[in-house]
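Novice: Here is a sequence together with a model predicted from it:
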Amino acid sequence: MINPVWLRSFCTLAEEGHFTRTADRLHMTQSGVSQHIRKLEEHLGVALLVRQGKHFTLTDAGDRLYREGQGIIQKLSSLEQIVGEDPPHHGDVRVMCPGSVGLKLYPKLLSLQKIHQGLSMSCRFAPNLDVEKAIAENGADVGLMTSPPQAEELDSRPIASERLLLVTPAEVKTPDWGSLLALGYIGHPDGIHHASLLLGANFPQFRSLEAFQQKGFSNQISLILEPVSMGLGFTVLPAYAVSAFRKPKLIKAHSLENPVSETLYLALRRTQLVPARVRFIIGEMEKWL
């Protein structure tokens, strides 16, 4: 394989036509340039220059090497620049988060991509364990979780908090224990956790969700409130999911006497060198949340 340093010296010499100017341009000595040319000729087994005192001309082999070699040198220079670049508004960013906060974040991430079209945004909604696994296995760049990750490979910090809300059909003005029992419960993947936190803090009668008849279940965050809006039951959801529901007049979100919030944690791989584009997205998410 041709030594690229020797090739650079040869191509620069062919462009400059003079050893001294070549040495100045490459910040070398004239003897250093001559040594590179000699080593290149020895490596290839052909003469590249016809020397005439202080002047020279390219041989046919030298002319062919220059025509092919200058493109190689340009590509190597571009490669150095590309590898060293860390643009904040270009490249892929993979975000994983709970569905509720995802409903708030994803439209904003797309708006950001519309401004910086070099960005490519991927946003997946997932429960905590799936987020933790994806971050640890390099399946995502940044994750949001509702509890600190347990994996040793991950670091986390609190980034925001999100209120939990009791949501009933719109006609329920002031929910009490009896009205909730009569309504029944609409379940979702985080339902037991959310309901236990909020109902346990506000109703002394609460022991578990088994007290309520389950009237339905959905694992699609945008659909959980559909049966509630039709009067089929109540549920407990984070505030972002409630605010994103498209039929707000058909439901009522209740502020209970003892409010409960869920902490959101930002999770990253401990050994990850965070690119500028990911740092940029994290900064924007912190503003939004």
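Specialist: Nice, I can see it.
Novice: Tell me the buried residues in whatever helix or strand Leu180 lives in?
Specialist: Here Leu180 sits within helix 177-183, counting by DSSP states H and E. Neighbour-count burial for helix 177-183, counted by 16 or more other CB atoms under 10 Å, picks out 180, 183. The C-beta positions use only the backbone N, C-alpha and C, and glycine is treated the same way.
Novice: Give me the distance from the helix or strand following that helix to the chain's centre.
Specialist: Once the chain leaves helix 177-183, the next helix or strand it forms, by DSSP H and E, is strand 185-187. Mean C-alpha position of strand 185-187 versus that of the full chain (CA atoms, centre = their mean, to the nearest Å) differs by 33 Å.
Novice: Stretch 2-12 now?
Specialist: 40 Å.
Novice: For it, output the C-alpha coordinates as CSV.
Specialist: As requested, the backbone C-alpha atoms of stretch 2-12 are provided in CSV (Å, rounded to 0.1, in the frame of the first residue of the first chain):
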residue,chain,number,x,y,z
ILE,A,2,1.3,3.5,-0.9
ASN,A,3,2.2,5.6,2.1
PRO,A,4,-0.3,8.5,2.0
VAL,A,5,2.2,10.9,3.5
TRP,A,6,4.6,10.2,0.6
LEU,A,7,1.7,10.5,-1.9
ARG,A,8,0.7,13.9,-0.4
SER,A,9,4.2,15.2,-0.8
PHE,A,10,4.4,14.0,-4.4
CYS,A,11,1.0,15.5,-5.4
THR,A,12,1.9,18.8,-3.7
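Novice: Mind listing residues that contact it?
Specialist: Stretch 2-12 is contacted by residues 22, 25-26, 28, 32-33, 36-37, 39-40, 43-44, 48, 62, 65-66, 69-70, 72-73, 76 when judged by CB atoms under 8 Å, 6 or more residues apart in numbering.
Novice: Wait, Gly118 touches Val93, no?
Specialist: No - judged on CB atoms under 8 Å, Gly118 makes no contact with Val93 at a distance of 11.0 Å.
Novice: The stretch 51-200 of the chain: helices as residue ranges?
Specialist: With DSSP state H, counting those that start in this stretch applied, the stretch 51-200 of the chain shows helices at 60-84, 99-115, 128-136, 177-183, 191-202, listed in chain order.
Novice: can I get the ones you listed in TSV with mean pLDDT and distance to Met1?
Specialist: As requested, the helices of the stretch 51-200 of the chain are exported to TSV (pLDDT from 0 to 100; distance: least, CB to CB, whole Å):
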stretch	mean pLDDT	distance to Met1
helix 60-84	84	11
helix 99-115	92	42
helix 128-136	93	39
helix 177-183	96	76
helix 191-202	93	60
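Novice: Highest mean neighbour count out of the ones you listed?
Specialist: Across the helices of the stretch 51-200 of the chain, the average number of neighbours (mean count of other CB atoms under 10 Å) peaks for helix 128-136, which reaches a mean of 20.
Novice: still on that earlier bit, who wins for proximity to Arg277 among the helices of the stretch 51-200 of the chain?
Specialist: Between Arg277 and the helices of the stretch 51-200 of the chain, the shortest gap by CB to CB is with helix 99-115, which sits at 10.7 Å.
Novice: Report how many residues lie close to Ser218.
Specialist: Here the count is done by other CB atoms under 10 Å, and Ser218 has 17 residues near it.
Novice: so who does it touch?
Specialist: The neighbourhood of Ser218, defined by CB under 8 Å, 6+ apart, consists of 186-188, 224, 226-227.
Novice: ok, it to Ile186 distance?
Specialist: From Ser218 across to Ile186, the span is 7 Å (CB to CB, to the nearest Å).
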